[in-house]
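Mind folding the following:
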Amino acid sequence: MKIFNYGAINIDHIYQVPHLVRAGETLSSTDYHQVLGGKGANQSIALARAGAEVHHIGRCSKTDTWAVEQLGDAGVNCQLIELVDEPSGHAIIQVDEQAENSIVLFGGANQSFSQQDIHSALATGVKGDWLVLQNECNNIEAAVEYAAQAQLKVVFNPSPMLSDIEAFPIDKVSLLIVNEVELSQLLDCANLEQNEIVDKVRKQYPDMDVVITLGAQGAMWVNANECIKVDARSVKVVDTTAAGDTFLGYLLAAIDRGESKQAALTIGCKASSLAVQSLGASISIPTSAQVAVI
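Purely as a prediction, here's the structure:
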């Protein structure tokens with residue numbers, strides 16, 4: 001099936017720093033890179049490298065055609081990407097010596113879509129196709145509603161977290177993918193044991209599949225009847241940027257191929273373990289051939 005990804009295309013400015021900058025502090029960076037990023041672009045690249053047919057819906061500045069070219073080179077279908085006059089979205093990313101990061105986002109062209117723009121982009125979708133959503137573009141609620149009417153399966157990765165998540169039509173989501181921080185914000189479940197988290201997820205979302213990424217502890221898939229846990233690989237972490245996006249892309253590509261939940265979690269964890277060993281976002285996403293040998 002086709003996978004549509006309505007997601008941000010960002011220009012990432014990555015600064016290596018001794019520690020994450022504190023309020024009032026001026027800090028010299030030890031290195032700098034400008035690369036293609038944005039959760040949407042990262043996830044589309046991961047999906048394409050994992051072998052999925054992914055159609056990216058997005059916008060960037062006419063001055064950043066190189067970003068679209070990189071998506072195309074990775075195997076992403078770019079026919080639904082528009083080049084516009086306004087500036088591209090971008091991110092200021094700090095990465096410290098412990099490989100932790102902090103990110104400041106500017107939405108730019110990612111925030112310029114009308115509801116009709118989204119409807120038009122999804123017009124070729126058919127029952128059973130997928131729609132992947134994050135929270136760096138505007139009008140995602142309209143995308144969920146349209147997808148539900150068209151019987152597309154919605155994958156939602158609510159990052160950055162919605163301030164009004166209570167009003168979001170989350171009941172129309174087929175697969176929710178969150179990390180521990182996002183889950184605690186959704187369910188107010190900080191400092192709970194994993195079995196308590198599972199119980200709370202099942203109570204809150206009894207009809208939904210929920211995948212929770214647990215960093216160095218791996219990932220788990222929870223629904224009303226199953227709780228499947230896969231451990232992470234032990235590796236030296238250089239940069240966690242795009243690790244979650246890599247995981248999502250490889251996991252969803254496996255599910256789209258008809259593989260089991262266990263297999264999808266496993267390949268997602270393998271791919272993300274490779275991503276964290278390299279600096280940067282899209283440039284750190286491994287190919288399927290690289291994932292296959294570990």
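
residue contacts, Q194?
Counting by Cβ atoms under 8 Å, 6 or more residues apart in numbering, Q194 touches 220, 229. C-beta coordinates here come from the backbone N, C-alpha and C atoms, glycine included.

That one and Q185, how far apart?
17 Å (Cβ to Cβ, to the nearest Å).

Need the residues that contact the one helix or strand I212 maps to.
Taking DSSP states H and E as the definition, I212 sits inside strand 209-213. Strand 209-213 is contacted from outside by 174-180, 183, 197, 201, 219-223, 244, 247, 251, 265, 272, using Cβ under 8 Å, 6+ apart.

so what pLDDT did the closest residue to P87 other than its chain neighbours get?
Nearest residue to P87, sequence neighbours excluded (Cβ to Cβ, 6 or more residues apart in numbering): G108, at 4.6 Å. pLDDT for G108: 97.

Kindly report the same for A91.
Reported pLDDT for A91: 88.

and what of A281?
pLDDT, A281: 80.

picking up where we left off before, what about the residue nearest to P87, distance to N10?
Counting by Cβ to Cβ, the gap from G108 to N10 is 8 Å.

For the two, list the residues in contact with both.
88-90.

Top of those by number of neighbours, please.
Top of the shared contacts of G108 and N10 by neighbour number is G89, holding 29 neighbours under the definition other Cβ atoms under 10 Å.

Give me the phi and psi for that residue.
G89 adopts backbone torsions of phi -60, psi 150, taken as degrees, to the nearest 10.

nearest spatial neighbour of K39, skipping sequence neighbours?
Q134 (4.3 Å).

Correct me if wrong: the one you found contacts I9.
No. The pair Q134 / I9 is not scored as a contact, 11.7 Å apart, by Cβ atoms under 8 Å.

more crowded one of these two?
Per other Cβ under 10 Å, whichever of Q134 and I9 has more neighbours is I9, with 32 against 25.

ok, back up a step: if you count surrounding residues, which of G108 and N10 has more?
Neighbour totals were compared for G108 and N10, and N10 leads with 33 against 21 (other Cβ under 10 Å).

From A263, how far off is the closest residue to that one other than its chain neighbours?
With Cβ to Cβ, 6+ apart as the criterion, N10 has its nearest non-adjacent residue at 3.3 Å, and that residue is G38. Per Cβ to Cβ, G38 is found 28 Å from A263.

Between those two, point out the one with more neighbours.
Using other Cβ under 10 Å, the more surrounded residue of G38 and A263 is G38, with 30 against 15.

tally of neighbours for the closest residue to K62 other than its chain neighbours?
In this structure, K62 finds its nearest non-sequential neighbour in L83, 4.5 Å apart by Cβ to Cβ, 6+ apart. When neighbours are defined as other Cβ under 10 Å, L83 has 15 of them.

List phi and psi for L83.
Torsion angles, degrees, to the nearest 10, at L83: phi -100, psi 130.

which residues touch it?
59-62, 65, 68.

Looking at neighbours, which among those residues is most surrounded?
Going by other Cβ under 10 Å, C60 tops the contacts of L83 with 30 neighbours.

And the next helix or strand past the helix or strand hosting that residue?
Using DSSP H and E, C60 sits within strand 54-61. Next in sequence after strand 54-61, counting helices and strands by DSSP H and E, comes helix 65-73.

okay if I get the contacts of L83 as TSV plus pLDDT and distance to M1?
Formatted as TSV, those follow (pLDDT from 0 to 100; distance: Cβ to Cβ, whole Å):
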residue	pLDDT	distance to M1
R59	98	24
C60	97	26
S61	98	31
K62	98	32
T65	97	29
V68	98	24
